[in-house]
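Engineer: Structure, please.
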Amino acid sequence: MNEELRFSWGHILAFLALIFIAYVTFMGITYLTLGNFGYAGIGALACVVLLAVFLLGAQVKKGAPTKFYKSIIWERILLLMSPVVLVLAFYPYNHFWSVLDQEDEIVKDFNTSISYAHEIFDEYESYANKRIDTLSYRISKLSSEQQQNRTDELRLLLLSKNYDKLKSEAKSWIDNASKSSTVWNVFLLGNVDNIIEAVGKWTSDLSTVSSKHLKCEDYDVVDFGAECNAKQKTVQGLANLKSKYANKDYKINIVSLVTMIICFLMLLCPYFIQERHAANCERFWDFWIFSYFYNSKEDSGSTHVEPEPIIKPKKNYSHKGNIENHNNEVEDNNKPICKPKTSKGAPV
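Structural biologist: The predicted model follows:
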């Protein structure tokens, strides 16, 4: 049957496999590069394009209507080299599944580090209250009304409405970030960097506010440190978390191997469904050392039946004294469908 190339359910399976491989490979490269989405996008795109070219290209060459000898050569090259491309894509693909095995530990460490970020504001409020108590002690000789006015002024400076707004927005942002704590979320690693940056900005803002002093604070006042303990624990915890993402101790994951084999079989569906042109006598394994096993298998599995000869009627060539030819001419109708091949194996 002269089958033409056409879209089939095999292409749908191959397309789904390409999407899955692209997404997992993208996440694997993202984790290896600690959040470099540019490299991850280029790497995932290259893997998908190469797999599509090699495997779908083999299907195209299998169904070629002309130039059968050249087509079978390209078909063999594309199909036999496709596992090499798959192996190249397997490294970042496998790395994602290795990270996924540590998901519970990663999510726990992430949430613990996030909780340290909440302590920044608790630590600042403790600093502010201690500083107010120190001022109240220093001005204890003043009247109670003057003491109240000075402490209220300092409290308004350190714990103003702007501080309440900053605290509310920061805690809300941290809570939202912790809700998407899953390894399947490729942007989790990006959230880690954003949290580290945000924590640095919050502590810097609080340190700036604490650097303002009242006139009555005529003694040594220690400002709120931008490198407070809560910030250091948050940053350290998130840094340790990133090291788990980029851990390059290579070990083949069984889930990774099984899913990659399944995806590879899905990618081969268009090739298996595609039929060769009826005039194409070339066969995939009929080359090099495989040719001997391929042909011997065909010979042992088939029974050759000699066709009965066709006897042509006698022809009389006795016109004007010519000798009559009474020989029977026998014609063997066991003619091959394909043309004989040259030394290279190509049809003449």
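Engineer: contacts, neighbours, all on C-alpha from now
Structural biologist: Will do.
Engineer: Ile120: neighbour count?
Structural biologist: 23 (other C-alpha atoms under 10 Å).
Engineer: which regions of this structure sit below the pLDDT cut-off?
Structural biologist: 1-7, 59-69, 71, 180, 248-250, 275-348 (pLDDT under 70).
Engineer: Kindly report the domain assignment for it.
Structural biologist: 9-101+253-273, 104-245 (automatic domain parsing).
Engineer: Quick check: end-to-end length of the first one?
Structural biologist: Translated: domain 9-101+253-273. End-to-end span of domain 9-101+253-273 (C-alpha to C-alpha, to the nearest Å): 9 Å.
Engineer: next one: it to chain centre, how far?
Structural biologist: 11 Å (C-alpha atoms, centre = their mean, to the nearest Å).
Engineer: same check, this time on stretch 8-15
Structural biologist: Worked out by C-alpha atoms, centre = their mean, stretch 8-15 lies 19 Å from the chain centre.
Engineer: Start at 157, not 1
Structural biologist: I'll keep to 157 as the first residue from here, and by that count the last item is stretch 164-171.
Engineer: Pull out the buried residues from that stretch.
Structural biologist: By 16 or more other C-alpha atoms under 10 Å, the buried positions in stretch 164-171 come out as 166-167, 169-171.
Engineer: just to revisit the earlier point, most neighbours per residue, which of the domains of the chain?
Structural biologist: Looking across the domains of the chain with neighbours counted as mean count of other C-alpha atoms under 10 Å, the highest average goes to domain 165-257+409-429: a mean of 19.
Engineer: residue contacts, Leu256?
Structural biologist: 339-340 (C-alpha atoms under 8 Å, 6 or more residues apart in numbering).
Engineer: any idea how far Gly166 is from Leu207?
Structural biologist: Taken as C-alpha to C-alpha, the span from Gly166 to Leu207 is 15 Å.
Engineer: again, but for Gly356
Structural biologist: Distance from Gly356 to Leu207, by C-alpha to C-alpha: 44 Å.
Engineer: Then Glu261?
Structural biologist: 34 Å.
Engineer: name the element Ile185 belongs to?
Structural biologist: Element membership of Ile185, judged by DSSP states H and E, is helix 165-188.
Engineer: what does Glu281 give?
Structural biologist: helix 259-294.
Engineer: Kindly report the same for Thr307.
Structural biologist: helix 300-314.
Engineer: what's the answer for Trp358, then?
Structural biologist: helix 344-366.
Engineer: OK, contacts around the nearest residue to Gly213 once chain neighbours are set aside?
Structural biologist: In space, and not counting its chain neighbours, Gly213 is closest to Leu234: 6.9 Å by C-alpha to C-alpha, 6 or more residues apart in numbering. The contact partners of Leu234, by C-alpha under 8 Å, 6+ apart, come to 210-211, 213-214.
Engineer: ok so, going back, quick one: list the elements packing against the helix holding Ile185.
Structural biologist: helix 193-218, helix 224-256, helix 410-429 (3 or more C-alpha pairs under 8 Å, 6 or more residues apart in numbering; DSSP states H and E).
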